[in-house]
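Enquirer: Quick check, what structure comes out for this input:
(chains A and B)
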There are 2 protein chains.
Amino acid sequence: MSVQITADRMADIARGAAILGTGGGGDPYIGRLLAEQAIRRHGPVTLVGLDEVPDDAVIVSVAMMGAPTVMVEKMPGGTEIQTALRAMHEVLGEEITHLSCIEAGGINSTIPFVAAAETGLPLLDADGMGRAFPELQMVLPTLAGVSTCPLALADEKGNSALLRTVDNRWAERFARSIAIDMGCRAMTLQYVLRGDQVREALVPGTLSLVERLGRVVREAHGRRDPVAAATEVLDGHLLFTGKITDVARRTTGGFARGTARLEGTGAYEGRTLELEFQNENLVARRDGVVVAGVPDLICVLNSDSGEPVTTEGLRYGFRVSVVGAPCDPRWRTPAGLDLVGPGYFGYDHGYVPVETSCAS
Amino acid sequence: MSVQITADRMADIARGAAILGTGGGGDPYIGRLLAEQAIRRHGPVTLVGLDEVPDDAVIVSVAMMGAPTVMVEKMPGGTEIQTALRAMHEVLGEEITHLSCIEAGGINSTIPFVAAAETGLPLLDADGMGRAFPELQMVLPTLAGVSTCPLALADEKGNSALLRTVDNRWAERFARSIAIDMGCRAMTLQYVLRGDQVREALVPGTLSLVERLGRVVREAHGRRDPVAAATEVLDGHLLFTGKITDVARRTTGGFARGTARLEGTGAYEGRTLELEFQNENLVARRDGVVVAGVPDLICVLNSDSGEPVTTEGLRYGFRVSVVGAPCDPRWRTPAGLDLVGPGYFGYDHGYVPVETSCAS
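Expert: The predicted structure follows:
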């Protein structure tokens, strides 16, 4: 059943999306403002479930690509979506019928609302991974054999590029270079899917999930522990509670990369946790031992409010809680782990599901 | 009057083109082999003068982009032209009727013959600058207000990119990044021109000129000084004769950049010449004083044979002659000098025409 999403629902959606974004996917405050403004101007967005999408639908995913460290300073200028749509329409030869999110995140779950409001197209209650990952090819459509091309990139100046590549890794490589040239962030349209492909290639219900996640955190405020409330929705595990004592960050190769170190508080007094990130949190080591890692989710929340802390928002002195949560089961297959497992990111530890490492 | 170019004419064309390429535009030996092979396989190429092109003709320029230092090791694989044509046809909405060279050079005057032979399209007896320059926007069509976009890039793997940019500098920037990702060289299709634009935007007779240049050098062999013969055709001036005593070269930012130092021989005994290059020779300083610089041509020739020495071919010990020659007069206008004059390349010396500096 389709529902109308009004501007007043965007705060919960953006908050929940940034939690599910595992540190990446963009800043929820900026994302919320952009979506609220677009919905107020153009009207509510129609959200449709995957089971309502006709088989011959033409679905395109909308996302910002680049380093979140840059995106908090250089926001979308308002014309990028139209520029990218023009580039896409030039080669598509048919009308786009629906839009989709490709990942969860404060920007990447809300920018599709902006595009949907501007174009009047319905938005799928879904995404392409059930979290956020740093590289273009790291999506379930890749596992389903779908090409990310034709892929359109656009900047705020009116520049666009349209890529056709032999595989999704090449698309990531070219698109990353162009995104860097565009100021380290670009609007993208990617993964043209048919209606009969979305049920295999996307994660159903992601936008409903992030709205629920955002709501329970808000409603917990002053009544119960918001971190516990979020952990429950994520079916996750509390990994650590502590204070950030060190953040090393560099914006390089088109990504925000770095590490953060936490010293434990409360039950974790005297212990340490180290996070490594590439836009998203990749691995969490507690007292030097891996307790969670890609493709499972590592979410950093403000310990008091439960608000998500994105990797570009990590700051010395913040009191945070770190939650691990299981990823979509398709990421735990051999093909899924090849694409986004620890090995791809250069780690030599094998993958252990977060519920297993937390049970020991 | 159109003429048929057979494979046996490519050696002169490639040689002359590499002379006019002022050190850039690619290796003439590789260029010659590629064109000969294509003409032998597909038949002769029809060369047409600018005055024969109908006003409604659709002309596209074909060129390799990247660092010539890489192109001598990584040659075109044979499918790039077709991949680039597919990307271009997707957005062009009409049939290409003619091909053109955009610059002179051992590769960039011969690759268009390969494309013409493969497609059966006629090739214009012209080019876009009357020499070679390192960056995409450095062409007379830019001065005439023509966009380089739609611009198609392709590699040997089957990857392509199609750019639409707000100006030609942005096209250079994105295309350079993609060319680097493609292995520091890419096939490009650029500057879609109408027949009624080519007379303003191109240099007429370039391919006839380079064939004549290549022929006089060949025919001079053993009969007269081939360097003097080439200088005469170029309406140029001998700047120096000497031995290369130092070459510093690096392939960086998608270009072959560097300097070469020459010690004088014969009439130039005891004197020095320094060349600076970015794919092409940019400036020649004799005893520390600029004697020729962009946009005028600086051509390095083997002193004995008159064969062109491209910047990637400069080697310690080579005996070479350096010839300066006047550029197309459109480059000497204020707009032309803004685009390709010494200031653009970071030099603080003003532009002095080579015939003036050689007269003093």
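Enquirer: For the rest of this, base every contact and every neighbour count on C-alpha atoms.
Expert: OK.
Enquirer: Now do the strands in the stretch 201-350 of chain A.
Expert: When secondary structure is read from DSSP state E, counting those that start in this stretch, the stretch 201-350 of chain A shows strands at A:203-204, A:237-252, A:255-264, A:272-278, A:280-286, A:289-293, A:297-302, A:319-325.
Enquirer: from the chain's centre, how far out does stretch A:33-42 sit?
Expert: 20 Å (Cα atoms, centre = their mean, to the nearest Å).
Enquirer: Can you point out the buried residues in it?
Expert: Neighbour-count burial for stretch A:33-42 flags A:33, A:34, A:35, A:36, A:38, A:39 (criterion: 16 or more other Cα atoms under 10 Å in any protein chain shown).
Enquirer: Show me the helices in the stretch 51-200 of chain A, by range?
Expert: A:68-71, A:80-92, A:111-119, A:140-143, A:168-181, A:195-201 (DSSP state H, counting those that start in this stretch).
Enquirer: Poorly predicted segments of the stretch 251-360 of chain A, please.
Expert: A:360 (pLDDT under 70).
Enquirer: before we move on, the earlier item: can I get the strands of the stretch 201-350 of chain A in TSV including distance to residue B:289?
Expert: Formatted as TSV, the strands of the stretch 201-350 of chain A follow (distance: least, Cα to Cα, whole Å):
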stretch	distance to residue B:289
strand A:203-204	68
strand A:237-252	41
strand A:255-264	46
strand A:272-278	51
strand A:280-286	55
strand A:289-293	62
strand A:297-302	63
strand A:319-325	65
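Enquirer: In JSON lines: the ones you listed, plus distance to chain B.
Expert: Output for these, formatted as JSON lines (distance: least, Cα to the nearest Cα, whole Å):
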{"stretch": "strand A:203-204", "distance to chain B": "29"}
{"stretch": "strand A:237-252", "distance to chain B": "15"}
{"stretch": "strand A:255-264", "distance to chain B": "16"}
{"stretch": "strand A:272-278", "distance to chain B": "21"}
{"stretch": "strand A:280-286", "distance to chain B": "24"}
{"stretch": "strand A:289-293", "distance to chain B": "30"}
{"stretch": "strand A:297-302", "distance to chain B": "31"}
{"stretch": "strand A:319-325", "distance to chain B": "36"}
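Enquirer: ranking these by burial, who's on top?
Expert: strand A:297-302 (a mean of 28; mean count of other Cα atoms under 10 Å in any protein chain shown).
Enquirer: residues from chain A in reach of chain B?
Expert: Taking Cα under 8 Å from any Cα of the partner chain as the contact definition, chain A meets chain B at A:87, A:90-91, A:157-166, A:170, A:173-174, A:177-178, A:181.
Enquirer: Can you tell me which of the residues you listed are buried?
Expert: A:87, A:91, A:158-165, A:170, A:173-174, A:177-178, A:181.
Enquirer: Can you tell me which of those residues is nearest residue A:149?
Expert: Residue A:149 lies nearest to residue A:164 out of those, by Cα to Cα, at 5.3 Å.
Enquirer: where does the closest one land on pLDDT?
Expert: Here, the pLDDT recorded for residue A:164 equals 98.
Enquirer: now swap in residue A:125 and tell me
Expert: At residue A:125, the model reports a pLDDT of 98.
Enquirer: still on that earlier bit, list just the nearest of the buried ones among the residues of chain A next to chain B to residue A:103.
Expert: Checking those against residue A:103 by Cα to Cα gives residue A:173 as the nearest, at 18.5 Å.
Enquirer: wait, what's in contact with that closest one?
Expert: residue B:181 (Cα atoms under 8 Å, 6 or more residues apart in numbering or on different chains).
Enquirer: what's the answer for residue A:77, then?
Expert: So residue A:77 contacts residue A:156 (Cα under 8 Å, 6+ apart).
Enquirer: residues in contact with the nearest residue to residue A:199 once chain neighbours are set aside?
Expert: Distances taken as Cα to Cα, 6 or more residues apart in numbering or on different chains put residue A:50 closest to residue A:199, at 6.4 Å, once the chain neighbours are dropped. Residues near residue A:50 by Cα under 8 Å, 6+ apart: A:124, A:125, A:126, A:198, A:199, A:204, A:205.
Enquirer: between the residues you listed, which has the most around it?
Expert: residue A:124 (30 neighbours; other Cα atoms under 10 Å in any protein chain shown).
Enquirer: Please name the bridge partners of the nearest residue in space to residue A:88 that is not next to it in sequence.
Expert: Excluding its sequence neighbours, the residue lying closest to residue A:88 (Cα to Cα, 6+ apart) is residue A:152, at 5.8 Å. For residue A:152, the beta-bridge partners are residue A:162, residue A:189 (DSSP bridges).
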